[in-house]
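[1] here is a sequence together with a model predicted from it:
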Amino acid sequence: VTLTEWSKLLLAKGTTTVFINPHEIANVLGLAGIRLLLQQAKRLPLRVFLIAPCKVPTAPGLETSGACFDCVELEAMARIEGVVAAGEFNGRQVAAGDSRQTRLLRQARQLGLKIDGHLLGLAPQQYAQLAELGVQSNHEAVDVAEAASQAQAGITVMIREGSTERNIELVSLLGQGINESQLCFCTDDKDPLDVLAEGDINWNVNQAMQRGVSPFAALRLGSLNCARHYGIGDLGYIAPGALADCILFSDVRRIEPEVVVAGGQVVFQDGSLVGEVTSESWPCWATDTVDIGGIGPEDLAVRVPTVSGSAKSQTLGDTKGRTEALVRVIRMVPGQIVTELAQVHLPVVDQAVQADPGRDVLKLAVAERHQGSGRCAAGFVQGFGLKRGALASSVAHDHHNLIGVGTTDSDLLLAFRELETMGGGLVVVADGEVMAALPLPIAGLMSTKPLDFVQEKLRELDRAVRQLGSQLPAAFSALSFISLPTVPEAGFTDFGLVDVKAQRIVPVIVGAET
């Protein structure tokens, strides 16, 4: 949804201020997209601070995005009112001495910006080195021991509860000698249905209290600690001289806002927002961003290469009368955005490797949409549970090309073509028919429709996904993260399968590299 519609949802849950990193629209529309977003933010009762995106693209050379940011763009963003930080700096790339990330990190420090990190799967001494270089926060922690190492290095651990990332167990750090000021809450990709059903930051607070955290500590993690981390001195507490942002609620054991005050004005009361927030208008260049360059069935095929000798014996085998290939498969980890890189044998028909829905191994594909190059990569993923059909999306972190998963190539291709026709969005298809769709024409990321419309379409999509056999919670959120080439162990882009730890493209078929 747009910032306007999002603000309506968040204000009702007691969130009056957000710190956003708009690298999604930046990866599609560049600086012009960020400026457009901030124009919309000025009209809202929701207070918006900006984290200047420094991952545009996230993994240069491994993906195609619609823009590329370096020091010139960072300096331009730092001059924009409301910019308080830069991020997310990839810890693995910085630790490896990546010149672009190091250059941007150095400039962010010179500009006096807070520095947000994207840290996962490193050694304790590396977190200390990153803190020395200036990295001050991380929202990617999924393991208590690793999060403790980050906090001990002086890095603020942002405990995340999103749609696919459930990390509230990290509040146990409070009982392990970690200073409370080193922790705060965040959401990071929580779709409207989940915010509506659960809440926003108030959900994190309530979940923490259920795990034994005191109400006062939980509230500080959800307000004061975040404001102080970003250097906003008049937010996060109630006192003379502070901004009058507060919520009124009846039961401290379960915080459900009854009255929300932002900037001294009542913005939510008696179950509804107070006052009107008018809709935005969007220029045509922001709603024409999807061109897949006429891809066809052959672009979705995973072809067995013509090999000989030992490579052939490793790649192809005859198992019970069937020709099979050993392939690399992205295996999802339930409740997290981290993945595993597995190897499985899949059947081969006419030199093309086939999906195996019976074992939950489905075709995965990404089609480039920013340049109309026609580039498309195909591979395999395990964990979606589809028995038939396909789903696809133009929301694919962080390059936001088209990504889809399906049981057949024909349904997957239909889903991509439907997305191109809609100008981006989310779609479910089966047996050559569209079952449900939500157009997202603004940069292929946001709807022009009101929140109620988007929520109903999301419910239709969820029902359609379940009709196809998947029981995966937030399937489209999970799909959007499969493409991320910076979270271990694997990601998938328009160039193909990414080994995240090695930061290189690897063949889908084992042995094809020889």
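    Received, thanks.

[2] contacts and neighbour counts: CA atoms only from here.
    Fine.

[3] buried ones in stretch 468-480?
    468, 470, 472-480 (16 or more other CA atoms under 10 Å).

[4] next step: these restricted to helices.
    Judged by DSSP state H, helices contain the following of these: 475-480.

[5] save these as JSON lines, and put in pLDDT too.
    What follows is these, written out as JSON lines (pLDDT from 0 to 100):
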{"residue": "475", "pLDDT": "94"}
{"residue": "476", "pLDDT": "95"}
{"residue": "477", "pLDDT": "91"}
{"residue": "478", "pLDDT": "93"}
{"residue": "479", "pLDDT": "96"}
{"residue": "480", "pLDDT": "95"}
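
[6] of those residues, which is the nearest to residue 22?
    Proximity of these to residue 22, judged by CA to CA, is greatest for residue 480, which lies at 15.5 Å.

[7] helix/strand/coil for residue 371?
    At residue 371 the chain is in coil, as set by DSSP: H, G, I helix; E, B strand; the rest coil.

[8] residues contacting it?
    For residue 371, the contact set (CA atoms under 8 Å, 6 or more residues apart in numbering) comprises 66, 291-292.

[9] do you know how far it is from residue 290?
    The span separating residue 371 from residue 290 equals 9 Å under the rule CA to CA, to the nearest Å.

[10] residue 116 contacts residue 86, correct?
    Yes: applying CA atoms under 8 Å as the test, residue 116 and residue 86 come out as touching, 6.1 Å apart.

[11] strands along the stretch 251-400 of the chain, start to end?
    All strands of the stretch 251-400 of the chain, identified by DSSP state E, counting those that start in this stretch, fall at 259-262, 265-269, 272-273, 316-319, 322-332, 339-349, 352-353, 361-367, 376-382, 390-393.

[12] any idea which of those gets closest to residue 487?
    strand 339-349 (7.6 Å).

[13] burial check on residue 432, number of neighbours?
    Residue 432 sits with 14 neighbouring residues when counted by other CA atoms under 10 Å.

[14] residue contacts, the nearest residue to it once chain neighbours are set aside?
    On the basis of CA to CA, 6 or more residues apart in numbering, the spatially nearest residue to residue 432 that is not a chain neighbour turns out to be residue 411, at 5.9 Å. The contact partners of residue 411, by CA under 8 Å, 6+ apart, come to 389-390, 429-432.

[15] and residue 296, its phi and psi?
    Residue 296 has phi and psi values of phi -130, psi -170 when expressed as degrees, to the nearest 10.

[16] from here on, call the first residue 31.
    That works, and once the first residue is 31, the last one we named lands at residue 326.

[17] that one is in contact with residue 443, isn't it?
    Yes: using CA under 8 Å, residue 326 and residue 443 qualify as a contacting pair, with a distance of 7.2 Å.

[18] those two - which one has more neighbours?
    residue 443 (24 against 16).

[19] distance check, that one against residue 436.
    Spatial separation of residue 443 from residue 436 under the definition CA to CA is 9 Å.

[20] can you check residue 80 too?
    With the distance defined as CA to CA, residue 80 ends up 37 Å from residue 436.

[21] higher neighbour count, those two?
    residue 436 (31 against 21).
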